[in-house]
Structures are given as C-alpha cells and as structure tokens.
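> What follows is a predicted structure for the sequence shown.
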Amino acid sequence: MVVSAVGFTLALQVFGERAQVLVLARDVPVGQMLKPGDLRTVQVAAETGVVPVADRGTVLGRRARVPLVAGALLAPGQVGTSAGFPPKGLSQVAFAVEQGGAPPDLAQGEHVAVLSGPAGTDAGPVEGAAGEEAEDSSVVGTVMAVRAPESVGGPRVVTMLVETAAARRAAQLDHPRVVVLPTEERESP
C-alpha cells in the first residue's frame, strides 16, 4: 500500500505538472503585430512547443507569421519579424462576394470552389470564339477569412488560400460565386 502511494505521488509530480503558457485571446491575421490584448494565459501540461508566460515579452511586438486563431496555444514559430504565410506555392486571394453568392454560414477552413457568376441577367454558359464553352475558370481553395459587408446589401469579402498558379485566374473571376465542396470530394464542380 505504501509503495502504491509513493508511486502515485511520483506520477502526480511527473505527469501532473502544469505550466502557464500563452494562448490567443482573439484571431490575429498574418502580418499583424502581436499586442498584449491578443494574448491570455492558461495552465496546461505542456512544456515544449508552446510559449511560456515568462517569454511573453519576446513575442509581443512580433508579427504573426501564420493566421492565429483564438483559443490556440501560441507556438514560437508562429511569430517573427516577417510573415511566413502564405506557404510556398500558395497565394491569398480576396473576392468581393455579392449577397446570395455564397452560403450564409461560410466559415474559415472550408474547402470551396469559386466560380464566375452570371453577369446581369444572362445566366447561360460562357462561350468562346468558336461557340464552344470556355475553359473551366473555377478556382479551388481554402477559406481563410470571411468579412461581413461594410454596408447593408454590400458584398462580403472572402479571403482564400489558392495555388499560386490559379491566382491570376482567381483575380479575373467576374461576380464570384462560392460553392462549399464535400469533404470527401476535392474536385471543382
């Protein structure tokens, strides 16, 4: 009985130690400098890979290298002197999406396709010079942010991460329409 009590006490000391670490109090976009109000502290049973409270001064005033999400533990590599985002081969593209051009509950992290919407009242297919349908101009990517309209009836701004090769095509889409793709299917509609 004494042996098990000693073992329990030792296990509690080894596995039960908690450290005060930094966690994000709000979302911080890439490139924004970290301010005191962006961080809060929590106690966790983690010692490596996260920023301890004692190092708070080393991260304040540094830039977010990646999008930081509220509630996430802060890791040392997520902040620096310059943004490390978007990753090589990917680009961020913003679309002004008119009302009805995207699901109302569109959220960060969703895998989507963006298609060129109808101009005016013509909702038919886009045709090329020889009468055939134009090449597919949809762009597939991941939603990074959705900003509410600045005015009633105005467009929402949807920021996406897309392959760099598709960035120019994305910037040329007229009246963009956003389609959320099924999790199993990664093809554009």
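Everything's here; your move.
> List of residues touching the helix or strand where Gln92 lies?
Using DSSP states H and E, the element containing Gln92 is strand 90-97. With contact meaning C-beta atoms under 8 Å, 6 or more residues apart in numbering, strand 90-97 is reached by 30, 85-86, 114, 139, 141, 144, 155-164, 167, 170-171, 173, 176-178. Heads up, the C-betas are built off the backbone N, CA and C, glycines and all.
> for this protein, what spans make up the strands?
Counting by DSSP state E, the chain has these strands, from start to end: 19-24, 39-44, 63-64, 79-80, 90-97, 111-116, 139-147, 156-163, 176-180.
> Export the first one to CSV, keeping only CA atoms.
Read it as strand 19-24. Written as CSV, here are the backbone C-alpha positions of strand 19-24 (Å, rounded to 0.1, in the frame of the first residue of the first chain):
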residue,chain,number,x,y,z
ALA,A,19,2.9,25.3,-16.8
GLN,A,20,1.5,28.8,-17.5
VAL,A,21,1.6,29.3,-21.3
LEU,A,22,0.3,31.9,-23.8
VAL,A,23,-3.0,31.3,-25.7
LEU,A,24,-4.6,33.6,-28.3
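> outside of it, which residues touch it?
Outside strand 19-24, the residues that reach it (C-beta under 8 Å, 6+ apart) are 38-47, 50-53, 55-56, 59, 68-74.
> Helices - which of those residues land there?
Arg56, Val59 (DSSP state H).
> Next one: the residue positioned nearest the centre of the chain, what pLDDT does it get?
Nearest residue to the geometric centre of the chain (C-alpha atoms, centre = their mean): Met144, 3.4 Å. Note on Met144: pLDDT of 86.
> Low-confidence stretches in the chain?
1-16, 46-47, 83, 119-136, 184-189 (pLDDT under 70).
> ok, now with 80
1-17, 46-48, 82-85, 119-137, 183-189 (pLDDT under 80).
> picking up where we left off before, how far off strand 139-147 does the strand holding Gln92 point, in degrees?
Angle between the axes of strand 90-97 and strand 139-147 is 60 degrees (criterion: axes from the mean of the first three to the mean of the last three C-alpha atoms, to 10 degrees).
> okay but the residue nearest to the centre of the chain is in contact with Leu161, surely?
Yes - with contact defined as C-beta atoms under 8 Å, Met144 counts as touching Leu161 (5.3 Å).
> What is the neighbour count of Ser82?
9 (other C-beta atoms under 10 Å).
> got it, and the one 4 residues further on?
When counting by other C-beta under 10 Å, one arrives at 18 neighbours for Pro86.
> The chain should start at 324 in everything you say after this.
Let's use 324 as the start, then, which means that last one is Pro409.
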